[in-house]
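Chemist: the following block contains a protein sequence and its predicted model.
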Amino acid sequence: MSRAVIVAVVVASAAAFAPGQRRGGATTVTAAATCAADLGLGAASKRRFCDVVIAATASDSVVVTVPAHAGRATLMFDLHNRFTLPAATASPAEAFARHSAQIAVTGADAAIIHRAVVTREFRSLQDLFDRIGEGGRAGGVKGVGPGEPVPVTMELPAGIGSAGIIGVRLEEFTFGTTEAYDAPGRAIAIVSNLRLQYTPQ
């Protein structure tokens, strides 16, 4: 699996780096994160999408760097179901999928800080949030895509220097089948729009 680093980029008319927003002494920035499985950029949103992988340690999924800060920090991101797109010839019944993905946010010691769940249904491409570029499907997109997001906001313990986002379990309902997955190494969800709010030291 490839590794990539998400950096804090603010798209403006000058297409340059820009500082985070400050509110009441707190700063909100796009989070710097290392993804063990970087999916790439959204064709429409231009967001960076990362797989959330079932793993014992965050280094095998997603690691978010938390800058030095006073007090507690808040981690925010969008959590998406990870849908495999059906063949163009698939019937509506064959295309249907319902996913319920459980993920956890962990500290540097792998202890679980918070949990979150995203549950969505897929019937057609209109149920996707975006398509991901640089793939082999028609139009140059990938054969997996993010469902509509669930916004997640989690308070992190004081003094934490990094947080992990790891997969825990996927329940998948498709045409005629029901499956559950919890074995390490499987990508079960997608994250995007990673942000941090904190008070700099």
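Modeler: Ah, there it is. Numbering: from 1, shown residues only.

Chemist: what's the longest strand along the chain packed up against?
Modeler: Using DSSP state E, we find that the single longest strand of the chain is strand 69-84. Contact partners of strand 69-84 among helices and strands, from 3 or more Cβ pairs under 8 Å, 6 or more residues apart in numbering; DSSP states H and E: strand 48-53, strand 97-106, strand 112-122, strand 144-146, strand 150-156, strand 187-200. For the C-beta atoms, the positions are set from N, CA and C on the backbone; glycine is no exception.

Chemist: give the buried residues for stretch 181-197.
Modeler: Neighbour counts over stretch 181-197 (16 or more other Cβ atoms under 10 Å) mark R186, A187, I188, A189, I190, V191, S192, N193, L194, R195, L196, Q197 as buried.

Chemist: next one: stretch 140-159
Modeler: Neighbour-count burial for stretch 140-159 [16+ other Cβ under 10 Å]: V141, K142, V144, G145, P146, G147, P149, V150, V152, M154, L156.

Chemist: tell me the contacts of the last one?
Modeler: Okay, so that is L156. Taking Cβ atoms under 8 Å, 6 or more residues apart in numbering as the criterion, L156 is in contact with V66, R72, A73, T74, L75, V105, G107, I113, A163.

Chemist: bridging residues for it?
Modeler: Each beta-bridge partner of L156 is listed here: A73, as defined by DSSP bridges.

Chemist: what's the spacing between it and P200?
Modeler: Distance, L156 to P200, using Cβ to Cβ, to the nearest Å: 15 Å.

Chemist: next one: the fifth one
Modeler: From P146 over to P200 the distance is 31 Å, taken as Cβ to Cβ.

Chemist: what does stretch 146-153 rub up against?
Modeler: For stretch 146-153, the external contacting residues (Cβ under 8 Å, 6+ apart) are 42, 49, 74-83, 99, 116-118, 120, 122, 127-130, 132, 190, 192-193.

Chemist: mind pulling the model confidence for the nearest residue to V144 once chain neighbours are set aside?
Modeler: Closest residue in space to V144, ignoring its immediate chain neighbours: T84 at 5.4 Å, by Cβ to Cβ, 6 or more residues apart in numbering. We have a pLDDT of 94 for T84.

Chemist: swap in the one 10 residues further on?
Modeler: Note for E94: predicted pLDDT of 92.

Chemist: my read: it touches A88, true?
Modeler: No: using Cβ atoms under 8 Å as the test, E94 is too far from A88 to be in contact (11.3 Å).
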